[in-house]
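S.K.: For reference, the sequence and a predicted model appear below.
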Amino acid sequence: MRPKGLIALAVIVLLVAGLAYLLSDRFIESSLESAGESMVGAKVEIDNLNFSLVGLSISLDRLQVTNPNDTWKNLFETGKMAFDMEAAPLARKKVIINNITIADIRVGTKRATDGALPPRPQEPPPEWMQNITANLKQKVEALPALDPNMLKQKINVDSLMAFFDIQSVKRLEAFKLTVDSTQQRWRATIAEFDPKEELARIETQINELRAQEIKGVENLVSALDKSKRIYDTLNGFKKDLEHKKNSATQDFKQFTSTIASVDNWIADDFNAVKSKANLPDFSPQNIGAMIFGKNIVDQIINLLPYIDTVREYMPAAQKLQQFASAGKVENPPRFEGQDIDFPLQEAKPKFLIEEIFISGATNQQDTSRVFRLAGKVTGITSQPAVYGKPLNFQLDARLPNANAYQLTGEIDHTTETPAERFQIKASGIPLGDIKLPERPYLPSRIDAQRADVVIRFSLVGQQIDFQLGLEARPVSFGFAEHLKRDDIISRITSGVFHSIDQLNLSARVSGAPDNLRLHIGSNIDNVLAERMKGALGESVKAAQAEIEKRLHALVAPKKQEALAAVSKFENQILGEITAIESGINSKLAFLDDKKKELENKIKAEKEKGLKEAGKKLKDLIKN
Amino acid sequence: MFFLQFISKLIKVLRSGESPGLIAGGFAMGFVIGLSPFWTLQNVLILAAAILTKVNLAAVFFAIFLFSFVAFIFDPVFHNLGFYVLAQIENLRALWTAMYNWPIAPFTRFNNTVVMGSLLIALILAAPVYFLTKKGIIAYRNRWAAKLEQSKFMKALKGNILVKWYIKIRDLEFGS
């Protein structure tokens, strides 16, 4: 043992421990701040973080998270906070916090300094976000506008139809070809399978099984075996035919389902012709979308970057697997090598806060306007698939005079398909003056004093479902001066909007990015649509009716041909299969009778034999 | 300057009366540490053992220095061997999994391909390195030190500027 070595080692250990103690607070503080900033996109500041090695606890005096949309305000700030970390996972560079209580949260507080961060190079948004955004914008842009020219619009239906490529007819022709070729294929299959000759041979074999003419038990048993072999052959045919029948029935069902879509094809053509002719469509659905569509769509588009951030920091299982099963890394940097991960018995994510309890209030000087906040967030983790539970949140906010907000939701990234769902309920909230898109004849703003709002949102993979229900009262509409006109449409719209003091609005945006459906309805729609239709140019209305009539006339014969082909398929293919099936069944029934006869005869012969044997035995005993 | 002092200390070590076993022990410990990435639990423990025991520390640090270069050259070999042992031998999978679940496992970094590959090579070669070094030191002291000093080659070399520098450095430590 080297005494000097012992002293040197002790000095080194003490030096390292002392440095770690002195630098750990600042290191943890800046790590947390920079992690928060990369998520929020604005400054995150922690005051006086203190890390205690005893019990691995962290305390801090204040946490400020800047509102990225208004960097002179905080999204929220907290008072003093303290929480403990689990010790064992730290060895694996994993931070596990069981619970944090934030008892003094304040929302929207002013900042002493600007919380903006230097602009970062913008990465292009992910493909799903680009698709949803582009399609939503396109939906809004495609909405019709109220145009004074439509009152005097003249439409030449002949020239319009002459140059229009009617898809319904083409699709029906293609469909008929498919039905015909499928029918031919089935004909060939049935011709190849049809067991007529085998059935005739089998019938002869069954006829030969005449129980009354067969003598002796041995011959009867041999005949019974033969009947079993015939049964197996027939059963084989039956099973094969059942399989074919199921397949042909599937084809038939597919055909009938396609035929049922023909009316939708015609509707698509009708809309395409209308769009080509620029015919205005004032169905009630379009009125709601024209007025509120842009605002609603903008809200959804503004929401998507937040979901993208969540998906980036809480990657779904698939992304995680990609990291884990990367295989061998060829030529890693010198001395770095490659870490091979093995399954952990108690796998824990790299970062986890199991529960955050939130409570707080704003504006505490004026108790009549105290905005109280309470809620819970569970399962904040960087590896949801490892944690195995979704993130859940529930927040309630309330003002004493009945304004109440409730936010509940779930972020489930535990499987390969990320899913985000949340619901916002707000009652008695002042919406105030809301700017609407400026469109001719339509209001450019709405003032709603109080409203009850329910929003349900879900994004599962790329499937979006946004639902909005809003009841506002009293409401008033305002029109932009520079868009005011003095004509019949203007009189109709201003009359309708000035007579309305309550707004009931429902909206739904749903579907995959390439097939989004936008439906917006309100109590204004029907009233305005009816009055607008009355004022529409007669020629427009007549053109619409003519186009519809001609489309139906063009498509009807093709539809009849397609229906006839499907009917032929049903009668011939399914009919033939059914006929073969009944032939096999009748042979089976006939064979069954013969088998019973043979079995009865065998039984009778056995009983007879036993009696004779008994008699002979008695005779022997007597003699 | 540090490097020159370091070399002169090594020469002192080789020529001094310190036990060849302690020098070879230090050299073998340095060999194990130098061959694998430094910051692992096993390396820190070996270094602590070297500091606490009487093995020659100059030999330890010289070996660390020397074999860090060797490790740099053979890094791809260690990576391939480590990957084979960790990921491709099915029978060892259960052992690695059990070890991976030990609380101290992260500090050993045994699941790193370079750490595993270099550690295996180092452990296999540690004993031969010890014995060869020990024999080499004894042979150097008994036979080669005096012979080398008197050889024509050495005399010719002594005329060389570099060698004069070497002797100056050596005499800084041993001349007085």
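M.R.: That came in fine, so what should we check first? In this text, all values refer to a predicted model and were calculated from it rather than measured experimentally. Numbers count the residues shown, from 1 in each chain, chains lettered A, B, ... in the order given.

S.K.: all contacts plus neighbour counts: C-alpha atoms, from now on.
M.R.: OK.

S.K.: Does residue B:134 touch residue B:21 like I think?
M.R.: Yes - applying CA atoms under 8 Å as the test, residue B:134 and residue B:21 come out as touching, 5.8 Å apart.

S.K.: quick check, residue A:116 in a strand?
M.R.: No - assigned with DSSP: H, G, I helix; E, B strand; the rest coil, residue A:116 falls outside any strand and is coil.

S.K.: for it, phi and psi?
M.R.: Main-chain dihedrals, residue A:116, degrees, to the nearest 10: phi -80, psi 150.

S.K.: Now chain A against chain B: closest residue?
M.R.: Minimum separation of chain A from chain B (CA to the nearest CA) falls at residue A:339, amounting to 4.3 Å.

S.K.: any chance you could read off phi and psi for the residue nearest to that residue when sequence neighbours are not counted?
M.R.: Counting by CA to CA, 6 or more residues apart in numbering or on different chains, the nearest residue to residue A:339 once its immediate chain neighbours are dropped is residue B:112, at 4.3 Å. Phi and psi for residue B:112, reported as degrees, to the nearest 10, are phi -90, psi 130.

S.K.: which regions of chain B lie under the pLDDT threshold?
M.R.: For chain B, the stretches flagged by pLDDT under 70 are B:1-13, B:15-17, B:148-149, B:153-176.

S.K.: Flag every residue of it that's near chain A.
M.R.: With the criterion set to CA under 8 Å from any CA of the partner chain, chain B comes near chain A through B:36-37, B:48, B:51-54, B:72, B:75-76, B:79, B:83, B:86-87, B:96-97, B:100-101, B:103-104, B:106-107, B:111-115.

S.K.: Put the buried members of the residues you listed into a ChimeraX selection.
M.R.: To isolate the buried ones among the residues of chain B next to chain A in ChimeraX, judged by 16 or more other CA atoms under 10 Å in any protein chain shown, type:
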select /B:36,37,51,52,53,54,72,75,76,79,83,86,87,96,97,100,101,106,111,112,113,114,115
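
S.K.: Spit out the contact partners of the residue of chain B found nearest chain A.
M.R.: Distances from chain B to chain A, computed as CA to the nearest CA, single out residue B:112 as the nearest residue at 4.3 Å. Residue B:112 makes contact with A:337, A:338, A:339, A:340, B:82 under the criterion CA atoms under 8 Å, 6 or more residues apart in numbering or on different chains.

S.K.: Geometrically speaking, which residue is the centre of chain A?
M.R.: residue A:463 (3.8 Å; CA atoms, centre = their mean).

S.K.: I figured it hits residue A:509, correct?
M.R.: No - the criterion here is CA under 8 Å, and residue A:463 misses it with residue A:509 at 10.2 Å.

S.K.: now residue A:4: how far from residue A:133?
M.R.: 70 Å (CA to CA, to the nearest Å).

S.K.: Point out the residues in chain A that sit beside chain B.
M.R.: Within reach of chain B by CA under 8 Å from any CA, chain A has these residues: A:1-3, A:5-6, A:9, A:88, A:91-92, A:328, A:331, A:334-345.

S.K.: Which members of these occur in helices, if any?
M.R.: Those of the residues of chain A next to chain B mapping onto helices are A:3, A:5, A:6, A:9, per DSSP state H.

S.K.: list the contacts for the nearest residue to the third one once chain neighbours are set aside?
M.R.: If the residues on either side of it in the chain are set aside, residue A:6 comes closest to residue B:52, at 5.7 Å by CA to CA, 6+ apart. With contacts taken as CA under 8 Å, 6+ apart, residue B:52 has the following neighbours: A:1, A:2, A:3, A:5, A:6, A:9.

S.K.: Same check on residue A:615?
M.R.: By CA under 8 Å, 6+ apart, residue A:615 has no neighbours at all.

S.K.: That one in helix, strand or coil?
M.R.: When the structure is reduced to helix, strand and coil (three-state DSSP), residue A:615 reads as helix.

S.K.: On the pLDDT front, check it for me.
M.R.: Model confidence at residue A:615, given as pLDDT, is 86.

S.K.: neighbour-wise, which of residue B:134 and residue B:21 wins?
M.R.: Applying other CA atoms under 10 Å in any protein chain shown to residue B:134 and residue B:21 shows that residue B:134 carries more neighbours, namely 21 against 18.
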